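Chemist: Provided below for reference: sequence and predicted model.
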Amino acid sequence: MTTEFMSAPHPLDNPVRASLAGSHAALAEVYRTARRYPVNVSPFIAMPDKPDQESWRDVAVLTGGGRVASLVGLTTPAPSGWEVVLEMSGVQMVDSSVVPARDPEAVVLGPSDVPEMLDLVARTKPGPFLPRTIQLGSYLGIRRGSSLVAMAGERLRPPGWTEISAVCTDPEFRGQGFARRLVLAVASGIHRRAESDDMGMLGDRLPPMNSTIDPRIAKVCCASRCT
């Protein structure tokens, strides 16, 4: 007799669904098997680990006809009736040997800072950041004078992991190590929050050849996990 052991899916294989079923459940908009963030929080939508035709129909209802569904970690082709408008590989950089560090210049960013955060994102393009994205987790920034010149924060939170995202620096202030310092400062908050838990840090999901990623930031996380 042969016994086959089926391992449970890793939460990072379908991190959007894992987040929306866990820490971000209160934000989830749900229709049957499909889950999504509100459109002014995040563009991501999630299906089950092994979607079928019903799953795709649920996504269509939840997103509305003719609209783009931003799916992460999808391993099956889209069925007839769907058009793929963008497809790309990604890399998850995971915490293997990070040494978190608080930063005396890092300030907590809140709702009143969102207009400045949106302006910085528009100029640096680190990835999706919308008017209510700040509700996903903690965000820190560095100021010079009254201007916000760098920021980083938390986005997806699948069980046991927290994604660090929206890492960006005003072009006029690059090369001073602000992004690295903020990543370590955000990581410090993650580690403090998970003092007794098995909590890891997940770097932003980025195209492997994204030329805007400073290799010094990649070294903070050390280990990569292709998706």
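Modeler: Thanks, I have it. Numbers count the residues shown, from 1 in each chain.
Chemist: in the protein, which spans are strands?
Modeler: 29-31, 34-36, 44-46, 70-71, 91-95, 107-108, 139-144, 147-154, 161-169, 200-203, 222-226 (DSSP state E).
Chemist: ok, of those, where does mean pLDDT dip lowest?
Modeler: For the strands of the chain, the weakest mean pLDDT is recorded on strand 200-203, namely a mean of 52.
Chemist: out of the strands of the chain, nearest to residue 22?
Modeler: Nearest of these to residue 22, taken as C-beta to C-beta: strand 161-169 at 10.0 Å. All C-beta atoms are positioned from the backbone trio N, CA, C, and that covers glycine.
Chemist: poorly predicted segments of the protein, please.
Modeler: The model of the chain has pLDDT under 70 over residues 1-8, 194-227.
Chemist: outline the domain layout of it.
Modeler: 15-71, 91-226 (automatic domain parsing).
Chemist: so can I have JSON lines of the ones you listed showing distance to residue 85?
Modeler: Below are those laid out as JSON lines (distance: least, C-beta to C-beta, whole Å):
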{"stretch": "domain 15-71", "distance to residue 85": "6"}
{"stretch": "domain 91-226", "distance to residue 85": "15"}
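Chemist: and the ones you listed as CSV, adding distance to residue 9 and mean neighbour count?
Modeler: Below are the domains of the chain laid out as CSV (distance: least, C-beta to C-beta, whole Å; neighbours: other C-beta atoms under 10 Å):
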stretch, distance to residue 9, mean neighbour count
domain 15-71, 5, 18
domain 91-226, 11, 18
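Chemist: returning to that earlier point: I'd like the strands of the chain as JSON lines, with distance to residue 183 appended.
Modeler: Shown next, in JSON lines, are the strands of the chain (distance: least, C-beta to C-beta, whole Å):
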{"stretch": "strand 29-31", "distance to residue 183": "30"}
{"stretch": "strand 34-36", "distance to residue 183": "27"}
{"stretch": "strand 44-46", "distance to residue 183": "21"}
{"stretch": "strand 70-71", "distance to residue 183": "24"}
{"stretch": "strand 91-95", "distance to residue 183": "10"}
{"stretch": "strand 107-108", "distance to residue 183": "15"}
{"stretch": "strand 139-144", "distance to residue 183": "10"}
{"stretch": "strand 147-154", "distance to residue 183": "6"}
{"stretch": "strand 161-169", "distance to residue 183": "6"}
{"stretch": "strand 200-203", "distance to residue 183": "8"}
{"stretch": "strand 222-226", "distance to residue 183": "12"}
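Chemist: so what's the residue nearest to residue 130 when sequence neighbours are not counted up against?
Modeler: Excluding the flanking residues, the one nearest residue 130 by C-beta to C-beta, 6 or more residues apart in numbering is residue 40, at 5.1 Å. Contact analysis of residue 40 by C-beta atoms under 8 Å, 6 or more residues apart in numbering lists 130-132.
Chemist: for residue 40, give its distance to residue 183.
Modeler: Using C-beta to C-beta, to the nearest Å, one obtains 25 Å as the distance from residue 40 to residue 183.
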